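Asker: here you go, sequence then predicted model.
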Amino acid sequence: MSGCGADRLASAGYARHLCPMSPFHSHMQIALAEARAAAARGEVPVGAVITSPDGQVIAAAGNRTREVRDPTAHAEMLAIRAACAHLGQERLTGFDIHVTLEPCAMCAMAIAHARLRRLYYGAADPKSGGVAHGARVFTHPQAHHVPEIYDGIDARAAEALMREFFRKLR
């Protein structure tokens, strides 16, 4: 884990949104399992997990864009939808999301709209990421909510999964 990623994210305007390290239990292994299941279905291997304020897993999902023919069926979107449906509410205030890959701009805005407390992600995504790369959604005044952001969680495992998936496609 690279800590809060404060050095890199501070240069992108996130310093005011990062908090000191606190007791942490990673749920990235569950997200990686969802990503592996997505890869087995022929989907880009991304997995996401939503956890409650007390650390209980509320929802988990992997990408399903091809399976359900829906370009918005990213792991983060599916996990957020499932958690909201399970809880019977549209906000996930106090809840956390663990994602194997840096969320794209669409998913980052969904994280903001859901009011998720913390975003933990594994691999950076310089090509399509929307947090530390690309749109940098949380630096814009239109982002009405900014979660605490922690990057690099099990990044090597997430990167290896992505590399292997795309190697097989070539």
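Answerer: That came through, no problem.

Asker: so for the longest helix seen in the chain, what gets flagged as buried?
Answerer: Looking only at the chain and at elements set by DSSP state H, the helix with the highest residue count is helix 155-169. Residues of helix 155-169 classed as buried: 155, 157-158, 161-162, 165 (neighbour count, 16 or more other C-beta atoms under 10 Å). To be clear about C-beta, it is placed using only N, CA and C from the backbone, and glycine gets the same treatment.

Asker: that helix packs against which elements?
Answerer: Helices and strands in packing contact with helix 155-169 are listed as helix 28-40, strand 96-101, strand 118-123; criterion 3 or more C-beta pairs under 8 Å, 6 or more residues apart in numbering; DSSP states H and E.

Asker: tell me the most buried of these?
Answerer: Comparing the helices and strands packed on helix 155-169 by mean neighbour count (mean count of other C-beta atoms under 10 Å), strand 96-101 ranks first with a mean of 28.

Asker: run the angle between that one and strand 118-123 for me.
Answerer: 10 degrees (axes from the mean of the first three to the mean of the last three C-alpha atoms, to 10 degrees).

Asker: pull the CA atoms of strand 96-101 into CSV?
Answerer: This file holds the C-alpha atoms of strand 96-101, laid out as CSV (Å, rounded to 0.1, in the frame of the first residue of the first chain):
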residue,chain,number,x,y,z
ASP,A,96,-16.5,2.7,1.5
ILE,A,97,-15.7,1.4,-2.0
HIS,A,98,-12.7,-0.9,-2.9
VAL,A,99,-12.0,-1.1,-6.6
THR,A,100,-9.2,-3.0,-8.4
LEU,A,101,-8.6,-0.2,-11.0
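
Asker: all good on my end, thank you.
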